[in-house]
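> Dropping the sequence and predicted coords here.
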Amino acid sequence: MPNNNLAEKEFERLFEQYSDSIFRHCLFKVSHRETALDIMQETFKRVWLKIIEGEKLDNQKAFCFRIANNLIIDFYRKSKAISLDSLEVEPAVEKGELNPSEQADLQIAIETIKSLGERYREAVLLRYVEGFSVKEIAEISGESENVISVRINRGLSKVKEIINPEV
């Protein structure tokens, strides 16, 4: 068991560094602020338990997102009546921070990403919204880097087709 003071500092650093992006990711997936907060909190509770157990976390960001993804999957398994594709997405940006044109562009982007298949949507969001590398996304999803690269490229192609179908 590691020194509790060191464990606390490590946990605080991880929470400070990743809590906002984990929350945004959860919010996009579950579309309900309170549920997203609950999942984020449970994610960091589990991270804390791993830290105090003395487990070495190789890629901490990917580890945190993998826990969050597993909790999101559990959430949907428990509430089978809700379909991810039928949910409304609450924009993560608070009203008033964007001008009306930017708000409209954001809504178009959200709707376009929502229209992608789950695999493509997940890969595009993790890469371009959360800033993960292909390697990190592969670790989170349990897929190969090649599969993730293909999903990102195909997802972007589909987004381009949806936004500008004449090209």
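All right, it came through fine. The model shown is predicted, which means the values in this text are computed figures rather than measured ones. Numbering: from 1, shown residues only.

> Okay, and the residue nearest the centre of the chain sits in which element?
Central residue of the chain (CA atoms, centre = their mean): His25, 3.0 Å from the mean position. Using DSSP states H and E, the element containing His25 is helix 4-30.

> Mind listing what's buried along the least confident helix or strand in the chain by mean pLDDT?
One helix or strand of the chain scores below all others by mean pLDDT, DSSP states H and E: helix 100-115, with a mean of 74. Going by neighbour count (16 or more other CB atoms under 10 Å), the buried part of helix 100-115 is 110, 112-114. Where you see a C-beta, it was placed from the backbone N, CA and C, and this is true even at glycine.

> Do a quick rundown of the strands in the chain.
Counting by DSSP state E, the chain has no strands to list.

> tell me the domain boundaries of the chain?
As assigned by automatic domain parsing, the chain contains the domains 1-90, 91-167.

> picking up where we left off before, so what secondary structure elements neighbour the least confident helix or strand of the chain?
helix 118-124, helix 145-163 (3 or more CB pairs under 8 Å, 6 or more residues apart in numbering; DSSP states H and E).

> at 10 Å what do you get?
Here helix 100-115 touches helix 4-30, helix 118-124, helix 145-163, going by 3 or more CB pairs under 10 Å, 6 or more residues apart in numbering; DSSP states H and E.

> Can you redo these as CSV, where the extra columns are distance to Phe132 and mean pLDDT?
Output for the helices and strands packed on helix 100-115, formatted as CSV (distance: least, CB to CB, whole Å; pLDDT from 0 to 100):
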stretch, distance to Phe132, mean pLDDT
helix 4-30, 9, 89
helix 118-124, 9, 86
helix 145-163, 9, 86
